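>>> sequence first, then the predicted structure, then my questions.
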Amino acid sequence: MKLAKSLLLASAISGLLTTASLADAALIAKGEKIFNNKKSGNCLACHAVSGKKINDPGSFGPELTGLSYWDEKDLTAAVYDIYEARGLQISAMPAFGKNGWLDDAEIKAVVAYLKTIN
């Protein structure tokens, strides 16, 4: 009986992890689409990305690298409002959330994608 319960519990946990993994993959894919879409995020207009193939990335902003090590909260704040997040007076990067260009769900997706950048 204990073995059956253990197997059932292991199966349930495995199913939850698989579901979470699929949800994460979908969120990352959505974020990548926003990042590369010239009508929404358009991040590629200014940023090349370390380890990712992007068609005709811009070079105005810094190459994005090592973002997988950043805290999710810090990345979210930077995408939402780079000025407040970094204490900047001037930046070419728009405040995507503060200006209403991206909603909270879109910012969450972009951050999920950014967290895949090593």
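Looks like it arrived, so ask away.

>>> what's the most centrally placed residue in the chain in contact with, if anything?
Against the mean C-alpha coordinate of the chain, by CA atoms, centre = their mean, the closest residue is residue 111 at 2.2 Å. Residues in contact with residue 111 (CB atoms under 8 Å, 6 or more residues apart in numbering) are 31, 72, 75-76, 79. (Each C-beta comes from the backbone N, C-alpha and C, glycine too.)

>>> buried residues in the one helix or strand it maps to?
For residue 111, the host element (DSSP states H and E) is helix 104-114. Residues 106-114 are the ones in helix 104-114 that count as buried (16 or more other CB atoms under 10 Å).

>>> pLDDT and distance to residue 46 for those - can I get that in TSV?
Output for those, formatted as TSV (pLDDT from 0 to 100; distance: CB to CB, whole Å):
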residue	pLDDT	distance to residue 46
106	97	17
107	97	17
108	97	21
109	97	19
110	97	14
111	97	17
112	97	20
113	96	15
114	96	14
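
>>> dump those to JSON lines, plus distance to residue 91.
Conversion of the buried residues of helix 104-114 to JSON lines gives the following (distance: CB to CB, whole Å):
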{"residue": "106", "distance to residue 91": "20"}
{"residue": "107", "distance to residue 91": "17"}
{"residue": "108", "distance to residue 91": "22"}
{"residue": "109", "distance to residue 91": "22"}
{"residue": "110", "distance to residue 91": "17"}
{"residue": "111", "distance to residue 91": "18"}
{"residue": "112", "distance to residue 91": "23"}
{"residue": "113", "distance to residue 91": "21"}
{"residue": "114", "distance to residue 91": "17"}
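
>>> name the nearest of the residues you listed relative to residue 36.
Lowest distance from residue 36 to the buried residues of helix 104-114 (CB to CB) belongs to residue 113, with 9.3 Å.
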